[in-house]
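Enquirer: Sequence first, predicted model second:
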Amino acid sequence: MNSESANSAANPLILQSRLSEISRIPPWIEELASHHAIPEQTSYAIDLCLEEAVSNIVRHGHTSDSGATVTVTFLPDRGGFYTFVIEDTAPPFNPLLVPAPPLPTSLDEISNGGHGIHLLRQFADAVEYESVPTGNRLIISFLPPGNARGT
């Protein structure tokens with residue numbers, strides 16, 4: 001990997017608030033994983049969580065603002081974690097206050113949607129939320145495999 005490519009990996013990923021933009025996340029994560037030696041298991045969890053979080057912002061937060069953006073920033077070593085900060089200009093929404101969905105008791109109760117926040121909680125080692133003057137900041141952190149699970 002050349003130094004220009006490595007430098008581009010450290011830059012924030014700025015996405016237009018459109019579902020089609022989510023396809024830009026996996027190659028960005030792959031580049032980060034390569035440059036920062038992020039294990040495959042961890043990069044899978046990162047990709048899953050970022051795609052779910054951005055999808056929720058686009059679908060539910062920026063419904064009427066076609067020019068809105070979502071910015072994802074990587075902080076490579078925040079206390080031993082791989083940390084990602086997602087910022088948007090949508091109305092305040094704290095995903096940490098959303099209760100876990102009830103477990104289905106039959107196949108008829110299983111739905112395709114509504115599980116993104118639950119997946120985020122399951123795959124990330126730490127999730128923080130801040131309401132900021134410009135919108136929302138979601139901080140998602142992952143420990144490399146073999147480290148104790150964060151809180």
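Expert: Yep, that arrived.
Enquirer: CA only for contacts and neighbour counts going forward, please
Expert: OK.
Enquirer: partners of the biggest strand by length in the chain in the sheet?
Expert: As far as residue count goes, and with DSSP state E defining each element, the longest strand of the chain is strand 69-78. Note on strand 69-78: by DSSP bridges, its sheet partners are strand 13-16 (antiparallel), strand 81-88 (antiparallel).
Enquirer: Name the residues that touch it?
Expert: By CA atoms under 8 Å, 6 or more residues apart in numbering, the surrounding residues in contact with strand 69-78 are 10-17, 36, 54, 82-89.
Enquirer: thinking again about what came up before, mean neighbour count, the strands paired with strand 69-78: which tops it?
Expert: strand 81-88 (a mean of 22; mean count of other CA atoms under 10 Å).
Enquirer: follow-up on the earlier one: save the strands paired with strand 69-78 as JSON lines, and put in distance to P27 and mean pLDDT too.
Expert: Putting the strands paired with strand 69-78 into JSON lines (distance: least, CA to CA, whole Å; pLDDT from 0 to 100) gives the following:
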{"stretch": "strand 13-16", "distance to P27": "11", "mean pLDDT": "95"}
{"stretch": "strand 81-88", "distance to P27": "15", "mean pLDDT": "95"}
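Enquirer: Output these as CSV; include the columns distance to S66.
Expert: Formatted as CSV, those follow (distance: least, CA to CA, whole Å):
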stretch, distance to S66
strand 13-16, 8
strand 81-88, 13
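Enquirer: which one of these lies closest to G61?
Expert: G61 lies closest, by CA to CA, to one member of the strands paired with strand 69-78: strand 81-88, at 8.6 Å.
Enquirer: Beyond that closest one, next helix or strand please.
Expert: helix 116-123 (DSSP states H and E).
Enquirer: for that next one, the distance to its chain's centre please.
Expert: 10 Å (CA atoms, centre = their mean, to the nearest Å).
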